[in-house]
Each structure stands twice: as C-alpha cells, then as structure tokens.
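1. Sequence and predicted structure, then a few things I'm wondering about:
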Amino acid sequence: MKNVFFLFELSNKSFLQGLTQLSLFLFVSVLAMLPFPAWSQFDVGSSDEQYYSDDFIRFENHTYRDNIKTVLLHPKGWPIAAPFIDLNEPESLLELHFDVLDEEMGNFMYRIIHCDHDWKQSQLDVQEYIDGPPEDFLNDYAYSGNTFQRYIHYSLEIPNFNMRLTVSGNYLLLVYDADTEEPVLTRRFCVSENLVNVDVKVRQASRVDQRYSHQEVDFTISTDRYDMTNPYQDLHVVIMQNHSWSKTLTGLEPRFVKQNELDYDYDGPNAMEGGNEFRLVNMTNPRFNGPGVERVTFDNQENHAYLELDKSRASKAYLQNPDLNGWFYVRNDLFQGRSNTDADYVHAHFRLQKERPLVDGDVYIYGALTNWRIIPEAKMKFNQLELQYENTLYLKQGIYNYQYVFVKDGQLQPDLTRFEGSHFQTENEYSILVYHRGLGLDFDRLLNITTVNYPPQN
C-alpha cells in the first residue's frame, strides 16, 4: 500500500506535470492493474498494520498458520457445543483438537490469558487465575492413519492436572511455537459461576419492521443469591446467537430494577435477525454421495467432493431443515476407527448459481468452517461459462454447515441475508452471558451462562 501512495505522490512531481488529462487517465488505469495489494476490506491503515502481522496475538478465534486445520474447542464429549464450562464443576472440561498438515512433530506450548467482558486482557496476574504453571507443552499427539493427507493430530484438555482455573470470566487459549515463540492459534472460551438465575424467552420480534425477519430475546436476571450495588454501571450482558462471537448483542442496560430482579424486556434493541437454516453437506464417506454432494472423485491421491449446485434462498419461504447451527463435526464412516486421526481431507467444491457477477461486492463461504470470519480463501470466483460462483475448501471428513454471504465493496461486515434470507421461524440457539465487576475487584466475573433454543424443543 505504501508503494501505491508513493506513486500517487509522484503525480505531483515535475515528470507528471506535462501529462494531459488523457495520459493521466491512462497512467492511473495501468496503475490499477499493477500487482499492488488489493483494494478490499482487508486493507487497513498504518496504525492497524501490527494487528495483521503474523506474530500479533489477536484476542479472538484465529489460526495463524496455513497448515493448521480443523481447530475445535468444545466441552468434553460435545463436539458442536459452545466452549463454556462451570468453575465449580470438576467434571466440566474442554477439549482442544487441531491438525498440523506435516509429518514433522512440532514443539508447541499453550498459555491461558484471562480477559475482561470486552475481550481485552484483564489486570490479573497469571497466579491469580491459574493454579499451576503459567504455560505448558502440548504432549498429546498422534499421527494420522489410513489417510492420503498426512497430518499430526494434537489434543488438550482444559483444565488439567497441571493447570487449574480459579476465577470465572473470559479466557483466551493461546497455542504457540516454543522454538520461534510465534502464535499458532487462539481460541476463546468462558468459565462461569452459578451465582444468579436468568429466565430467557425468545419470540417473534415486536417491531413491525422486524416482525417477519427477527427474533426478540427477552430475559430477567434474579440476584437473590448475589449482592449487586450498581447494575447500570457494573453489569454487562451479552446475547449470543449459535455460540458465535460474530453474532452478539452488547450494551443493553436493565429496563428497570424491581427488588432483586433486573428486567430486559425490550422491543427492538434486543432483537436479532433469525437468518435461515444452514446448508448442510455430508462428507463422512469419500466413496459415496452423501446429502449435499453431487459426486465424489479420487484424483492424484486426493479426495474431491463436488457439492450440489446451490441457489439463492433470499426470496423463498421458510423451510424447516434440521442443521448444526453453522457448526461442524469430524466423522469418518469409511473406517471404523478414531475419526480424529483416521478421517482424511477432502477438496470440497462449492457452487452458487448466479446469472451474472455482482458489481458491488463479493461472495464468501461462511460459518464455523471459516471461523465465522470473512477470509480470502473463502472468496468465490464467478465462472462466466457455467454462470455460477465457485470455490474449493480443503476440509476434513465430516458433516458441515455453511452459508453464502455478501460483502459490499469498502465494508467489513457481511450481509447474511443477500443469498439466505431471514425468517423469524428459524431454529437458533441463544446464550445470555452475565458479567459483573463487584466492589474492590479488578476483573469481570462471569456470573451465569444460560442457553435456550428457539423454538423451544419438546
């Protein structure tokens, strides 16, 4: 980007002063075709350059190396559940899983960082929230078997014998290379205490302009067992949809306080787009066409799954279709073994029908398979001959949810409804996270996490 600015600065110098308007136009046109960094939503100012460097630790779910694949952090035994655990339950554990597409064993360590409600590092020293060493090695690994793609699978349980958590709140799990001290991956998780009660009701939105597209999350917080002096200042509440940090509502204050009950029954500020049920593809067996797969092939020692041609659902009526709320889990039906090490990788070919390319933005594949982020490798390209957007992702065998989102030129936030639509009937999972910083504390306690499904499940 500095090269671009430099060339534009040269336009004020003497060698450009004699150019006519036509020649200047030609010069700028040629400049636009030169291999400078793309003018896209990934460009940032100089003050943010450090954030996008390879060694900058981001306090979000992020993978820092291209050969790190299929990162999962979830409660033990529940592969598509939110990474939430209870501080006071010894059996409440998290599992971390990830693959390194390499045959040489890495030298990885991990560190746990306590965060405030807004995911900034808290003021606590590590000894104040961890009982044990501040960091440790990842010693649990296994080599892949019965796979064409060779990889090493790493796993970790948190908390464990060496490292136990002593306070509630938000946490960031950092895995890094012990030799280079470069970050490998970061993942968020939450540790709660059962100190308040939360009663949640999700319903169709009250406002007329949101009635058929949004869902309203009303709730009350009961503080009978917990003293709270100033809830308007010290209390922070997060509404999360489908346990994705990219789909949250924050900044809500109690509508009113009645004795020991805080009321959050709003009309509008607590409403979220219902979205649509996620598209599903089953790649658990690379020899057969699972749901969402048109055909499978095996070429040059690699598996390929060509997905069925997808179409826009924006103008279609709601159709109930069970999904994983945007998440995925690894499974191998070809060999009855351990899916973590016996599941192979597949080139998944996505296709979205479109008569003509979009001129005001781009199309991306979106969901847990992209870390709920807009990433370059998920950007789709338009095929003029087939009249469709196409892209290929390298995914581990399993069942995946995904959607197509639109990102307008010059913007960062994706439009989740351009190709999917939004309906108040859509089945979603909502979590209410209640944080509080009491008198004399220099960190935010996570008093409660309550999760409900909409519509309610019988």
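-> All right, it came through fine. Residues are numbered from 1 along each chain as shown.
2. quick one: the helices in this structure?
-> Assignment of helices within the chain using DSSP state H yields the ranges 2-10, 14-17, 21-33, 126-129, 231-234, 339-342.
3. where does this structure dip in pLDDT?
-> Counting by pLDDT under 70, the chain contains low-confidence residues at 1-55, 336-337, 458.
4. Going along the chain, name the strands of the stretch 251-400 of the chain.
-> Taking DSSP state E, counting those that start in this stretch to define them, one finds strands in the stretch 251-400 of the chain at 256-258, 261-263, 271-273, 279-282, 293-299, 302-307, 328-330, 345-353, 361-366, 381-383, 388-396, 398-408.
5. Give me the helices and strands touching the first one, please.
-> With contacts defined as 3 or more Cβ pairs under 8 Å, 6 or more residues apart in numbering; DSSP states H and E, strand 256-258 has no packing partner among the helices and strands. For the C-beta atoms, the positions are set from N, CA and C on the backbone; glycine is no exception.
6. What sits closest to Tyr366 if chain neighbours are left out?
-> Counting by Cβ to Cβ, 6 or more residues apart in numbering, Tyr366 lies nearest to Val405, which is 4.4 Å off, once chain neighbours are set aside.
7. Confirm for me that the one you found is in contact with Asp415.
-> Yes - the criterion here is Cβ atoms under 8 Å, and Val405 meets it with Asp415 at 6.2 Å.
8. Which one's more surrounded, those two?
-> Residue environment comparison for Val405 versus Asp415 gives the larger neighbour count to Val405, 23 against 13, counting by other Cβ atoms under 10 Å.
9. Name whatever forms a beta bridge with the more buried one.
-> In this structure, Val405 has beta-bridge partners Tyr364, where bridges are defined by DSSP bridges.
10. OK, contacts around it?
-> 363-364, 366, 374, 414-416, 418-420 (Cβ atoms under 8 Å, 6 or more residues apart in numbering).
11. For stretch 293-309, buried residues please.
-> Judged by neighbour count (16 or more other Cβ atoms under 10 Å), stretch 293-309 contains these buried residues: 293, 296, 303-307.
12. what's the answer for stretch 347-359, then?
-> Of the residues in stretch 347-359, those buried under the neighbour-count criterion (16+ other Cβ under 10 Å) are 348-352, 354.
13. Among those residues, which one sits closest to Arg255?
-> For the buried residues of stretch 347-359, the minimum distance to Arg255 (Cβ to Cβ) is 42.0 Å, reached by Leu352.
14. what sits against the closest one?
-> Residues in contact with Leu352 (Cβ under 8 Å, 6+ apart) are 309-312, 363, 380, 388-390, 404, 419.
15. Just send those back as TSV, with distance to Asn321 too.
-> Output for the contacts of Leu352, formatted as TSV (distance: Cβ to Cβ, whole Å):
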residue	distance to Asn321
Leu309	17
Asp310	13
Lys311	14
Ser312	16
Val363	21
Met380	22
Gln388	22
Tyr389	22
Glu390	24
Tyr404	16
Phe419	16
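16. still on that earlier bit, farthest pair within the buried residues of stretch 293-309?
-> Asn303 and Leu307, at 13.4 Å, using Cβ to Cβ across the buried residues of stretch 293-309.
17. Verify the contact between Thr450 and Ile432 for me.
-> Yes - between Thr450 and Ile432 there is a contact at 4.9 Å, judged by Cβ under 8 Å.
18. what touches both of these two?
-> Where contact means Cβ under 8 Å, 6+ apart, the residues bridging Thr450 and Ile432 through contact with each are 198, 200, 219.
19. Lovely, talk soon.
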